[in-house]
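**Q** predicted structure and sequence below. I'll ask about it afterward.
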Protein chains: 2
Amino acid sequence: MNLSRPGAWLSDADMIARCRRLVEPAMRAAVAGLHPWGAAMVSYSLGWSDATGRPYEGAGGKSVRPALAILSAEAVGGTAEQALPGAVAVELVHAFSLVHDDIIDQDELRRHRDALWKAYGVGPALLAGDALLALAVARLADRPEAMRYLSAALVELVQGQTADMAFESRPWSGPGEVSVAEYTQMAAGKTGALLGAAAAAGVALGGRPDLSERMWRMGVELGVAFQIADDVLGIWGDPQVTGKPVHGDLRLRKKTVPVLAALGSGEPASRRLADALASGETDDAALTLAACLIEEAGGRTIADRLAARHLGAALDVLDECLPGAVALRELCVSLAGRAR
Amino acid sequence: MNLSRPGAWLSDADMIARCRRLVEPAMRAAVAGLHPWGAAMVSYSLGWSDATGRPYEGAGGKSVRPALAILSAEAVGGTAEQALPGAVAVELVHAFSLVHDDIIDQDELRRHRDALWKAYGVGPALLAGDALLALAVARLADRPEAMRYLSAALVELVQGQTADMAFESRPWSGPGEVSVAEYTQMAAGKTGALLGAAAAAGVALGGRPDLSERMWRMGVELGVAFQIADDVLGIWGDPQVTGKPVHGDLRLRKKTVPVLAALGSGEPASRRLADALASGETDDAALTLAACLIEEAGGRTIADRLAARHLGAALDVLDECLPGAVALRELCVSLAGRAR
């Protein structure tokens, strides 16, 4: 599978930066109408200000979802302006999900800073998340051709998050263990659906609602690839880059693909990993050992392969549906390597 | 002002019961698609089951919002079936707001039972609230004529809740005190907007979207009346009836109309009340004293009058817009007396 194609006249970083320049003013306009306190929290969560309300640079998201919406619209002959309500809505929903997820997971760090709940308290942060969601929905209320995908993504996102949370109380191995297939379904909801909504809303707003269903599927596959890549970084990612502690997902005892695949691979290291996890130890030495055993049992390799397979499925849909969409294709390929 | 009219062939309790019978199967169908854990929490929050998942009777809401949507549709010649997506959506948003409000306010009781977060934990309850909201939005995604009011209500609801939370850190009296006008604006968002959306969506789905704007205003006024009546019950309501502790809102030091009006009335008791509140004491004796001083300073009377004035404004809109809507009018009148 050849993942790169000639002909893209902008790097994906340039494409994303262009989309962010288009989307940010529209996002700021949406947020400006909020109660001052709500606006301050939302600005903090979007990386525009610090906890004292002063402007802040460098903590924003990567805006991949808006870029996906905009490039999808452009790929069907529409304009970035047409896609803007969808681009803003998916980015607001993404921000909403991060704010609430950090509360649920009690994650104290987000993009190298205190998570919103840590900076402002749980109740206010919960409400700021609700505000982000309300603004997102308002942005597409009169565009049913896009709203139907945003709302489907919302339901799937919550379903995926619920499944993820339910995984926590299940055993690492033996009866009741979480399968890689179940994990994939969870990731399709938690991460895939919103990318699906971005792509589906993009083509719908760009004038080709007939392509939305297939672009939704494309985005879901892309999201699964992205989530698995993110899970690899959640164990082996550089804290300087991810803004999260080293071995963060292991410390939180998250059941992610590398771990689940390692436990199920039947390698000698699998059994030792199961014992190590069952011990419940989360000191640095135990986490380092677990990470090594996961790698030794093939968990990392299987996860990388699975991510590539889902990316391939996404690109197959894209190539069938929009064979000339060079920039969009580049974005999808780079996105799966850009987790965290 | 004559609040009752002859000709209603069902009592308002009967009307609400009829609407609930119509709405509940549609709500159950919406919830059935959720992850089992999410469905269990949502069922608990809607009063359908206890915390062990067993069916439960008698803890459901009063379904006044769905009734408002359905009777609004019928008042313009539409059917209950036409209004159903709107009725379900507003009830789900109402349930969402209760679940999140209880987390924010750390309220441990809801309808005589543990609040959802108390029964299932903060993270899961937060997520169950998000699920309720996602289901609501999905229900109206392809009905822009109703969705636009639901989404406007969502934004207003969050704004109102944020304003309410911001009131907490402001002084009881002196510079920076909260005015009754500010309170009214907060209540219009926190409580009025969703009633506005119910009425506006009801007439839109019933075939008269041209009446939606006015019905939105009607609902907002009704909501302010309802909220003020609820605040009176929050201080003097019977715990057996309200399911909340006696003097609950005073214990939580909530800035509600009876207190704000009493502080601003210039009666001799106003000054004593300000001192009592400034002391910060929340033992039973202090709360009983505060409640007496509020009444003595005229806070309760002013609140009752203000509620009646907003109800009157709602009925004026209704009488102008839908003069023959007898059942709907009865519902509005009874609703303002049915807070909690």
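**A** The structure has been received and is ready for your questions. Numbering: from 1, shown residues only, chains lettered A, B, ... in the order given.
**Q** show me the strands in the stretch 1-150 of chain A, by range?
**A** Along the stretch 1-150 of chain A, the segments classed as strands by DSSP state E, counting those that start in this stretch run A:109-110, A:113-114.
**Q** ranking these by burial, who's on top?
**A** strand A:109-110 (a mean of 20; mean count of other Cβ atoms under 10 Å in any protein chain shown). Placement of C-beta: from N, CA and C, glycine included.
**Q** can you list contacts of it?
**A** A:98, A:102, A:115, A:116, A:118, A:243, A:244, A:245 (Cβ atoms under 8 Å, 6 or more residues apart in numbering or on different chains).
**Q** residue contacts, the third one?
**A** Spelled out, that is residue A:115. By Cβ under 8 Å, 6+ apart, the residues touching residue A:115 are A:99, A:102, A:103, A:107, A:108, A:109, A:125.
**Q** the fifth one now?
**A** By Cβ under 8 Å, 6+ apart, the contact set of residue A:118 is A:102, A:108, A:109.
**Q** who in the stretch 1-150 of chain A is up against chain B?
**A** A:33-35, A:37-38, A:100, A:103-106, A:122-124, A:126-127, A:130-131, A:133-135, A:137-138, A:141-144, A:147-148, A:150 (Cβ under 8 Å from any Cβ of the partner chain).
**Q** which of those residues are buried?
**A** Buried by 16 or more other Cβ atoms under 10 Å in any protein chain shown: A:34-35, A:37-38, A:100, A:103-105, A:122-124, A:126-127, A:130-131, A:133-135, A:137-138, A:141, A:143-144, A:147-148, A:150, out of these.
**Q** could you pull out the helices for the stretch 151-300 of chain A?
**A** Assignment of helices within the stretch 151-300 of chain A using DSSP state H, counting those that start in this stretch yields the ranges A:180-187, A:193-205, A:212-236, A:239-242, A:248-251, A:257-264, A:268-278, A:284-296, A:299-321.
**Q** check which residues of the fifth one are buried.
**A** For helix A:248-251, burial by neighbour count (16+ other Cβ under 10 Å) applies to A:248, A:249, A:250, A:251.
**Q** same check, this time on the fourth one
**A** For helix A:239-242, the neighbour count (16+ other Cβ under 10 Å) marks residue A:242 as buried.
**Q** from the chain's centre, how far out does that helix sit?
**A** Chain-centre distance of helix A:239-242: 17 Å, with Cα atoms, centre = their mean, to the nearest Å.
**Q** give the other helices and strands that that helix contacts.
**A** When contacts are defined as 3 or more Cβ pairs under 8 Å, 6 or more residues apart in numbering or on different chains; DSSP states H and E, helix A:239-242 packs onto no helix or strand at all.
**Q** re the thing from before, next, format the contacts of residue A:118 as a markdown table and append pLDDT.
**A** A markdown table is the format used below for the contacts of residue A:118 (pLDDT from 0 to 100):
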| residue | pLDDT |
| --- | --- |
| A:102 | 94 |
| A:108 | 88 |
| A:109 | 85 |
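**Q** what is the nearest of the residues you listed to residue B:264?
**A** Of all the contacts of residue A:118, residue B:264 sits closest to residue A:102, with 40.5 Å by Cβ to Cβ.
**Q** any idea which of the helices of the stretch 151-300 of chain A scores lowest on pLDDT?
**A** Among the helices of the stretch 151-300 of chain A, helix A:239-242 carries the lowest mean pLDDT, at a mean of 76.
**Q** who touches that one?
**A** A:233, A:234, A:245, A:246, A:248, A:340.
**Q** where do the helices sit along the stretch 1-150 of chain A?
**A** A:12-32, A:36-45, A:64-75, A:80-105, A:116-120, A:122-140, A:144-167.
**Q** which stretch in those helices has the least confidence?
**A** Minimum mean pLDDT among the helices of the stretch 1-150 of chain A: helix A:12-32, a mean of 89.
**Q** just how off-centre is that one within its chain?
**A** 18 Å.
**Q** follow-up on the earlier one: so which of the helices of the stretch 1-150 of chain A is nearest residue B:21?
**A** Comparing these under Cβ to Cβ, the one sitting nearest is helix A:144-167, at 25.7 Å.
**Q** now the angle from that closest one to helix B:36-45?
**A** For helix A:144-167 against helix B:36-45, the angle by axes from the mean of the first three to the mean of the last three Cα atoms, to 10 degrees is 100 degrees.
**Q** distance to residue B:324 for the strands of the stretch 1-150 of chain A - can I get that in TSV?
**A** Shown next, in TSV, are the strands of the stretch 1-150 of chain A (distance: least, Cβ to Cβ, whole Å):
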stretch	distance to residue B:324
strand A:109-110	55
strand A:113-114	58
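**Q** who's in contact with the residue of chain A positioned farthest from its centre?
**A** Computed with Cα atoms, centre = their mean, the maximum C-alpha offset from the centroid of chain A is found at residue A:268, amounting to 33.1 Å. Each residue near residue A:268 by Cβ under 8 Å, 6+ apart is listed here: residue A:297.
**Q** cutoff 10 Å now
**A** Residues near residue A:268 by Cβ atoms under 10 Å, 6 or more residues apart in numbering or on different chains: A:293, A:296, A:297.
**Q** who wins on neighbours among the residues you listed?
**A** Highest neighbour count within the contacts of residue A:268: residue A:297, with 26 neighbours (other Cβ atoms under 10 Å in any protein chain shown).
**Q** what about the closest residue to residue A:307 other than its chain neighbours, how many neighbours?
**A** Residue nearest to residue A:307 in three dimensions, not counting chain neighbours: residue A:228, with 4.1 Å by Cβ to Cβ, 6 or more residues apart in numbering or on different chains. Residue A:228: 30 surrounding residues under other Cβ under 10 Å.
**Q** residue A:228 reaches residue A:259, doesn't it?
**A** No: between residue A:228 and residue A:259 there is no contact under Cβ atoms under 10 Å: 11.8 Å.
**Q** which residues do those two both contact?
**A** By Cβ under 10 Å, 6+ apart, the residues touching both residue A:228 and residue A:259 are A:183, A:303.
**Q** residue A:153: what's it in contact with?
**A** A:89-90, A:93, A:97, A:189, A:192-198, A:200-201, A:216, A:219-220, A:223, B:134, B:138.
**Q** next: residue A:317.
**A** With Cβ under 10 Å, 6+ apart, residue A:317 has these contacts: A:199, A:214, A:215, A:216, A:217, A:218, A:219, A:220, A:221, A:222, A:332.
**Q** the residues you listed: which ones sit near chain B?
**A** Checked against chain B using Cβ under 10 Å from any Cβ of the partner chain, those give no members in range.
**Q** will you turn those residues into CSV that also has distance to residue B:70?
**A** As requested, the contacts of residue A:317 are exported to CSV (distance: Cβ to Cβ, whole Å):
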residue, distance to residue B:70
A:199, 37
A:214, 38
A:215, 37
A:216, 33
A:217, 37
A:218, 40
A:219, 37
A:220, 36
A:221, 42
A:222, 42
A:332, 46
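**Q** most neighbours among those residues, which one is it?
**A** Within the contacts of residue A:317, most neighbours by other Cβ under 10 Å means residue A:199, with 38 neighbours.
**Q** ok, it touching residue A:150?
**A** No: using Cβ under 10 Å as the test, residue A:199 is too far from residue A:150 to be in contact (11.8 Å).
**Q** shared neighbours, those two?
**A** In contact with both residue A:199 and residue A:150: A:86, A:90, using Cβ under 10 Å, 6+ apart.
**Q** need the contact list for the residue nearest the centre of chain A.
**A** The residue lying closest to the centre of chain A (Cα atoms, centre = their mean) is residue A:191, at 4.7 Å. By Cβ under 10 Å, 6+ apart, the contact list for residue A:191 reads A:94, A:97, A:156-157, A:160, A:219-220, A:222-228, A:230, A:339.
**Q** tell me how far residue A:276 lies from chain B.
**A** 26 Å (Cβ to the nearest Cβ, to the nearest Å).
**Q** related to what we said a few turns ago, what's the residue nearest to residue A:307 in contact with, if anything?
**A** Residues in contact with residue A:228 (Cβ under 10 Å, 6+ apart) are A:180, A:183-184, A:187, A:191, A:256-258, A:261, A:302-311, A:336, A:339.
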